Structure formats: C-alpha cells, structure tokens
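[1] I'll drop the sequence and a predicted model, then ask my questions.
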Amino acid sequence: MKNNFTKKIISKLILNNLYKINDVQSVTITGSFNEKIDIKKIGDIDVIVVFNELTKKKFAECKKEILKLNKFIQNNTGRKLKINSIFGPLKYDISKLFVIHLMIYDMSSHIHHTIKSPFTCYDWERSNNYVGKSLKEISPVLCLLKRDFFTSRRSSPDYINDLSKSKISYREYNFKNEKIILKKKSYKLDEKNKIEFSYHIVKNLIINLYKYFNNINRIPDRKNIKKIFLKITNNNNKLFNEFIFIDSLKKKQNYKDFNFNAIKFSKVFLKYYDNFLRKIFKENKKFIFIRHQKTIFNNGTFFGQNRDANILNRNKIKDISKIDFDLCFTSQSKRSYETGLLYVNKKDIIKNKYLNEINYGKAEGLNYSKLKKKYPNIIYDWSKKLDPLFPGGENTEQVKKRLFYFINNHLKKLRYSRNNNILIITHNVVLKCLLGKYFNIKKILWYKINISFLNAFEFYFYKNELRLNCDRKIINRILKKLNYKL
C-alpha cells in the first residue's frame with residue numbers, strides 16, 4: 001500500500017514540476033511505472049516531455065526540476081536519483097539507483113520520432129498518465145504497419161546491426177550555442193546490458209507482433225508471449241527456456257557466473273524472426289486506392305454525382321507509376337475513368353457504382369455559404385455532431401456502407417486471384433470514409449481528413465482483413481487538420 005502511495009506521489013511531482021516550465025506542451029509517464037508493479041522492481045521511469053520549441057536552457061530546466069525530487073526519492077526508496085537523458089535502452093543497477101529516463105522533444109522532433117520509431121511511440125500512446133496534450137494528440141501512430149517491421153528504428157534489421165557489433169545504438173542531444181543536434185552514438189555492451197538488451201529485443205519484437213496480429217495497442221500476457229515465441233521459432237522449447245532463463249538472470253548481479261551467451265541467443269531468435277516475417281508477409285499483392293485527377297469543378301463547390309468533367313492534366317503519381325496493375329476499378333465518373341487510363345489499358349478497367357462520390361443531391365454546385373443559407377438544417381445537424389442526408393442525396397454513413405460492400409464483395413474475392421496489383425480510383429469523401437473507419441476516427445471528424453488529388457494509399461489483405469501499408473509521412477499529413485482530436 002505504501003509503495004503504491006509513493007508511486008502516486010512521485011508521479012504527481014514529476015508531472016507538475018515539469019509541466020510548470022514555460023512552453024511545455026505535454027508531459028507523459030509511460031512504461032512499467034504505470035502498472036501494478038512494486039516500486040522496488042521498477043528499473044526506471046520513462047518520462048516524455050514535449051516543448052513547442054526546445055532550447056538548451058529548457059533542457060537544463062527539466063533536469064533541474066527532476067533533481068528537486070532527489071531527497072524525497074532517497075527517503076522513500078533508499079536509492080539515489082539518476083537522470084538518464086539519452087534516447088536508447090541503457091540500463092542501470094536498480095538496487096542502488098532510481099533512474100528517471102527523461103526524453104525531451106520539441107513538437108517537430110516528436111512528430112519525426114513517431115514516423116521513424118512507431119513501435120516505441122505506439123507503446124507510449126497507451127499511457128493515460130499525462131498532463132497537457134496527450135502524445136496521440138501531438139502526432140498519432142494509430143496502428144502498426146507492415147513496413148514498420150522492416151524499415152523503422154528498433155526493427156529486426158536495426159537490432160541485427162547492433163548485435164553484430166556487440167553494441168547498442170542510441171541518440172543524444174549536442175548543444176552548440178542555440179543549435180540542437182541529435183547525434184547517433186553507440187556503446188559496447190557490458191555483461192549486464194547484454195542480458196538486459198537481449199531480453200528487451202526478444203520481448204519487444206513479440207509484443208509488436210501481438211499488437212499487429214490483433215490490431216490493438218495492448219501488452220500480451222505471459223501465455224500469449226509464449227504462444228507467439230513458439231510460433232516464431234517452430235516450437236523451439238529449448239530456445240524458449242533460454243528466454244525464461246534470461247528473464248531470471250536480469251535479477252542477478254554476477255552474470256559471468258552463469259556462463260550464458262545472451263548475444264548468441266538473440267541472434268538465433270532473430271534468424272527465426274526474420275524467416276517468420278517473410279512467411280507472414282509473403283503476399284505481395286497491392287490494392288492501391290487513389291483520388292482522381294483534378295477537374296474544373298473542384299473549385300470549392302460541392303462536386304458529387306450530378307455533374308461531371310474531364311481531368312485537367314495527365315500527370316501520374318511517381319510513387320506508383322512503376323507498379324504494374326492487372327486490373328483497375330473506377331467509379332462511374334469521367335474524372336475517375338480518365339485517371340484510370342493513365343495507368344492501365346481500357347480493357348483492364350471496371351466501372352463500379354459503389355466507388356462513386358457522395359451524392360450531394362440538390363446541394364450539388366453550391367458552396368458552403370450558399371448551403372448554409374439554403375439548407376440551414378444541415379449546418380445545424382453538423383453542429384450537433386449528426387450525419388444528415390444532403391437534400392435528395394446521401395450522407396457519410398451511406399457512402400461508408402457502399403464502400404465496404406465493394407471491399408467485402410469485390411476486393412476480397414480477388415485476394416487469391418491470378419491478378420497481380422489492383423488499382424482503385426475513387427473520390428474525396430469515399431477515401432475519407434475508408435481512412436476514417438480504418439483509423440477509428442470519430443465520424444464527425446472525417447471531413448477534416450486531408451485527401452489531395454492523386455494521393456495514393458497502399459493496402460493489402462492480412463487474414464481476410466484489409467490492412468494499410470502507407471508511408472507514415474503521408475499519414476501524418478492527411479491527419480494534420482484533425483488537430484489529432486481522435
């Protein structure tokens with residue numbers, strides 16, 4: 001009971017002391033400190049601070065505020081306070097030191113971090129122990145993507161590179177006058193960190209797969225960790241027992257006495273892991289959704305099904321121009337069909353009514369101010385977070401239903417067909433419905449999703465479920481207008 005009370009006090013002091021610093025936008029405590037774990041067993045407290053703009057002075061102020069807790073922490077834990085301000089998995093002796101892992105960002109660097117390190121930032125999003133803006137509000141990860149497992153920091157290739165040199169890579173700020181440089185560095189693994197790092201690698205790779213398999217941001221229990229470990233390693237129980245042994249070694253101090261090669265264990269697991277990734281992601285068929293090219297009617301008026309126009313230019317999207325498409329679905333509009341002809345032959349195009357833009361009915365051709373004057377009830381319903389029908393037309397829910405009818409009754413059937421990559425060319429509101437539903441954004445906010453002409457969104461099927469595999473820079477840009485109020 002006393003330990004839980006002490007944790008609450010420490011948590012409150014950290015949050016309050018840091019949030020009072022000028023320009024702090026967010027302070028979040030993440031990791032095991034938020035769980036029901038005895039304070040004596042906690043290795044460190046992960047604290048993320050986000051400023052609007054970071055300076056050397058603000059960085060120093062954060063450390064100063066944390067150091068004010070030293071006396072309280074020593075009196076209540078018997079350990080000396082240690083501040084770790086690097087970005088990386090460095091571990092300390094928790095029998096002597098109470099470590100606060102202080103990770104400090106400005107807005108732009110945190111957004112960059114969510115793009116480069118989605119596994120870490122996705123885990124941080126689970127925390128409700130924060131003041132100011134949540135990390136999800138600043139820059140959401142939202143879900144794990146197929147590409148994250150191959151290209152992000154703390155992915156398998158990243159770990160293999162470190163282990164091959166028996167080191168850990170980390171990042172640290174260098175301050176030159178008012179210029180801040182984040183430098184990549186590394187240090188040799190000592191015996192303690194070999195144990196800690198090996199366990200850390202394997203456990204986190206398993207957790208990431210669990211989150212991906214279930215499309216949820218939740219930590220698996222021991223039963224599921226074992227299940228996934230054995231699935232990855234083809235039921236290698238001997239290797240799993242070594243994993244359990246490493247967990248027990250973390251509590252020891254004389255690692256050399258056990259004569260266990262943790263690096264060798266990690267490399268064996270990572271070999272299994274890479275083979276497993278290739279197996280589960282072997283299906284390479286892409287289903288790429290894009291918005292049509294621009295027309296003269298894309299001028300700020302409601303442009304749906306009751307007018308049509310030719311596209312204004314015939315530029316292709318560079319990212320997909322080199323992809324071979326066997327088949328292309330378009331809506332019934334000229335603008336969608338003509339965009340399709342930029343990528344495939346006429347014979348490879350199938351028009352589909354379920355991909356049509358929303359039917360604005362009598363609002364077709366009006367701008368917002370004229371809609372407000374002529375149909376004020378629609379504006380009123382929007383203000384009440386409702387989803388009204390356009391007069392003589394559709395609402396967002398109806399567009400969503402027909403889009404997912406198309407996905408479930410047309411695209412799914414093509415998953416195992418002889419066709420290779422498939423292109424789907426549709427419209428603004430249709431794509432807002434697709435991404436809004438996929439990211440579990442409140443429907444009332446779908447209109448804020450920013451879809452530009454020729455934006456491309458790559459999907460694929462995983463266990464009969466459509467999954468996104470889009471560049472995270474694109475995801476960040478299309479969600480920017482939401483202000484991340486998800």
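    It's in.

[2] contacting residues for residue 121?
    Counting by C-beta atoms under 8 Å, 6 or more residues apart in numbering, residue 121 touches 113, 114, 135, 139, 141. Every residue, glycine included, has its C-beta placed from N, CA and C.

[3] what of residue 23?
    Counted by C-beta under 8 Å, 6+ apart, residue 23 has contacts 51, 52, 53, 58.

[4] which of the helices or strands spans the third one?
    Following DSSP states H and E, one finds residue 53 outside all helices and strands.

[5] what stretches of the stretch 301-450 of the chain score poorly on pLDDT?
    By pLDDT under 70, the stretch 301-450 of the chain contains no weakly predicted segment.

[6] in it, which spans are strands?
    Secondary structure of the stretch 301-450 of the chain by DSSP state E, counting those that start in this stretch: the strands cover 325-330, 349-351, 421-426.

[7] most tightly surrounded among those?
    strand 421-426 (a mean of 25; mean count of other C-beta atoms under 10 Å).

[8] who's in contact with stretch 314-325?
    286, 288, 290, 293, 342-344, 348, 420-423, 454, 456.

[9] select only the buried ones of those in PyMOL?
    A single PyMOL command is used to select the members of the contacts of stretch 314-325 judged buried by 16 or more other C-beta atoms under 10 Å:
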select buried, resi 286+288+290+293+342+343+344+348+421+422+423+454+456
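
[10] and the furthest pair within the contacts of stretch 314-325?
    Farthest-apart pair in the contacts of stretch 314-325 is 293 and 420; separation 23.5 Å (C-beta to C-beta).

[11] about what we covered before: Serialize the strands of the stretch 301-450 of the chain to JSON lines and add fields for distance to residue 434.
    JSON lines is the format used below for the strands of the stretch 301-450 of the chain (distance: least, C-beta to C-beta, whole Å):
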{"stretch": "strand 325-330", "distance to residue 434": "13"}
{"stretch": "strand 349-351", "distance to residue 434": "18"}
{"stretch": "strand 421-426", "distance to residue 434": "8"}
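
[12] nearest to residue 124, out of those?
    strand 421-426 (33.7 Å).

[13] which other helices and strands contact the closest one?
    strand 287-291, strand 325-330, helix 334-340 (3 or more C-beta pairs under 8 Å, 6 or more residues apart in numbering; DSSP states H and E).

[14] which SSE is the spatially most central residue of the chain in?
    Nearest to the geometric centre of the chain sits residue 141, at 2.4 Å (C-alpha atoms, centre = their mean). Under DSSP H and E, no helix or strand contains residue 141.

[15] show me the contacts for the nearest residue to it once chain neighbours are set aside.
    Leaving aside its chain neighbours, residue 141 sits nearest to residue 122 (4.1 Å; criterion: C-beta to C-beta, 6 or more residues apart in numbering). Contacts for residue 122 (C-beta under 8 Å, 6+ apart) come out as 141, 143, 144, 211, 217.

[16] ok, 7 Å please
    Residues near residue 122 by C-beta atoms under 7 Å, 6 or more residues apart in numbering: 141, 144, 217.

[17] specify which member of the residues you listed is nearest to residue 224.
    residue 217 (14.5 Å).

[18] double-check that that closest one belongs to a strand.
    No - assigned with DSSP: H, G, I helix; E, B strand; the rest coil, residue 217 falls outside any strand and is coil.

[19] tally of neighbours for it?
    16 (other C-beta atoms under 10 Å).

[20] how close does it get to residue 393?
    According to C-beta to C-beta, to the nearest Å, residue 217 stands 37 Å off from residue 393.

[21] do residue 310 as well
    For residue 310, the distance to residue 393 - C-beta to C-beta - is 23 Å.

[22] looking at these two, which one has more neighbours?
    residue 393 (18 against 11).

[23] which residues touch that one?
    With C-beta under 7 Å, 6+ apart, residue 393 has these contacts: 359, 360, 361, 363.

[24] the spatially closest residue to it that is not a sequence neighbour: what's it in contact with?
    Of all residues beyond its chain neighbours, the one nearest residue 393 is residue 361 (2.7 Å), with distances taken as C-beta to C-beta, 6+ apart. Residue 361 makes contacts with 390, 391, 392, 393, as judged by C-beta under 7 Å, 6+ apart.

[25] at 10 Å instead, please
    For residue 361, the contacting residues are 302, 304, 305, 306, 375, 389, 390, 391, 392, 393, 394, by C-beta atoms under 10 Å, 6 or more residues apart in numbering.

[26] list only buried entries from those residues.
    302, 304, 305, 306, 375, 390, 393, 394.

[27] tell me which two in those residues are the farthest apart.
    Largest pairwise distance in those, by C-beta to C-beta, is 17.5 Å, between 305 and 375.

[28] could the contacts of stretch 314-325 be laid out in TSV, adding distance to residue 462?
    Output for those, formatted as TSV (distance: C-beta to C-beta, whole Å):
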residue	distance to residue 462
286	13
288	16
290	21
293	30
342	29
343	25
344	25
348	25
420	18
421	16
422	16
423	20
454	26
456	19
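
[29] circling back to that earlier point, hang on, isn't the residue nearest to the centre of the chain packed against residue 116?
    No - the pair residue 141 / residue 116 is not scored as a contact, 11.2 Å apart, by C-beta atoms under 10 Å.

[30] need the overlap of contacts for those two.
    residue 472.

[31] residue 162: neighbour count?
    20.

[32] which one of the strands of the stretch 301-450 of the chain lies nearest to residue 229?
    strand 421-426 (34.1 Å).

[33] and that closest one with strand 325-330, angle?
    20 degrees (axes from the mean of the first three to the mean of the last three C-alpha atoms, to 10 degrees).

[34] and the strands in the stretch 51-200 of the chain, which stretches?
    Using DSSP E, counting those that start in this stretch, strands in the stretch 51-200 of the chain cover 80-84, 97-106, 130-132, 167-176, 179-188.

[35] let's have the ones you listed in JSON lines, adding distance to residue 237 and mean pLDDT.
    Converted to JSON lines, the strands of the stretch 51-200 of the chain look like this (distance: least, C-beta to C-beta, whole Å; pLDDT from 0 to 100):
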{"stretch": "strand 80-84", "distance to residue 237": "36", "mean pLDDT": "91"}
{"stretch": "strand 97-106", "distance to residue 237": "34", "mean pLDDT": "92"}
{"stretch": "strand 130-132", "distance to residue 237": "41", "mean pLDDT": "96"}
{"stretch": "strand 167-176", "distance to residue 237": "29", "mean pLDDT": "83"}
{"stretch": "strand 179-188", "distance to residue 237": "32", "mean pLDDT": "83"}
